[in-house]
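Engineer: Got a predicted model here, sequence first, then my questions.
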Amino acid sequence: METAEEIDDLFLGDAEVWRRPAIGHAGPTGGDFPLVTREGHNVLDVIFTSPILNLAEVAKSLENIAGVADHGVISKIPCIAVIASEDGVSILENPPKNA
């Protein structure tokens, strides 16, 4: 699990790295049944605990770690997030229209 340690060190204080479980609840170790691919790779979830300011930078950082076969960070496709809360509705655009 050296790869998980390297990812954890990269985002120290900003994220947690958990092994995804095949069944049951998620946790740092993946529980009794961690999800493993046919090729024998562990599937890791990176849970960010602070805002991500630059998805492209996160993607590039993950790609440069030995042992990372792929990631699910989508940073090259413009998107809009609509966030509803008790205070109202917020619309976040990536990239912003005024950029």
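Structural biologist: Perfect, I can see it now. Numbering: from 1, shown residues only.

Engineer: where in the protein is pLDDT low?
Structural biologist: Along the chain, segments meeting pLDDT under 70 span 1, 26, 30, 74-77, 94-99.

Engineer: Centre-most residue in it?
Structural biologist: The centroid of the chain falls nearest to residue 46 when counting by Cα atoms, centre = their mean (3.9 Å).

Engineer: what's near enough to touch that one?
Structural biologist: 7, 11, 15, 16, 17, 62 (Cβ atoms under 8 Å, 6 or more residues apart in numbering). Backbone N, C-alpha and C define where each C-beta goes, glycine included.

Engineer: those strands in the protein, which residues are they?
Structural biologist: Applying DSSP state E to the chain gives strands spanning 15-19, 44-48, 79-85, 88-94.

Engineer: Most tightly packed of those?
Structural biologist: strand 15-19 (a mean of 18; mean count of other Cβ atoms under 10 Å).

Engineer: can you list contacts of that strand?
Structural biologist: Taking Cβ under 8 Å, 6+ apart as the rule, strand 15-19 contacts 1, 4, 7-8, 11, 26-30, 34-35, 42-50.

Engineer: Now list the buried members of those.
Structural biologist: Buried by 16 or more other Cβ atoms under 10 Å: 4, 7, 8, 11, 30, 34, 35, 44, 46, out of these.

Engineer: Which of those residues fall in helices?
Structural biologist: Counted as lying in helices by DSSP state H, out of the buried ones among the contacts of strand 15-19, are 4, 7, 8.

Engineer: Nearest to residue 22 among these?
Structural biologist: residue 4 (16.7 Å; Cβ to Cβ).

Engineer: what's the closest non-adjacent residue to residue 6?
Structural biologist: residue 65 (5.3 Å; Cβ to Cβ, 6 or more residues apart in numbering).

Engineer: Pull the number of nearby residues for the one you found.
Structural biologist: The tally of other residues near residue 65 (other Cβ atoms under 10 Å) stands at 15.

Engineer: Which two of the contacts of residue 46 have the greatest separation?
Structural biologist: Maximum distance among the contacts of residue 46 (Cβ to Cβ): 14.8 Å, for 16 and 62.
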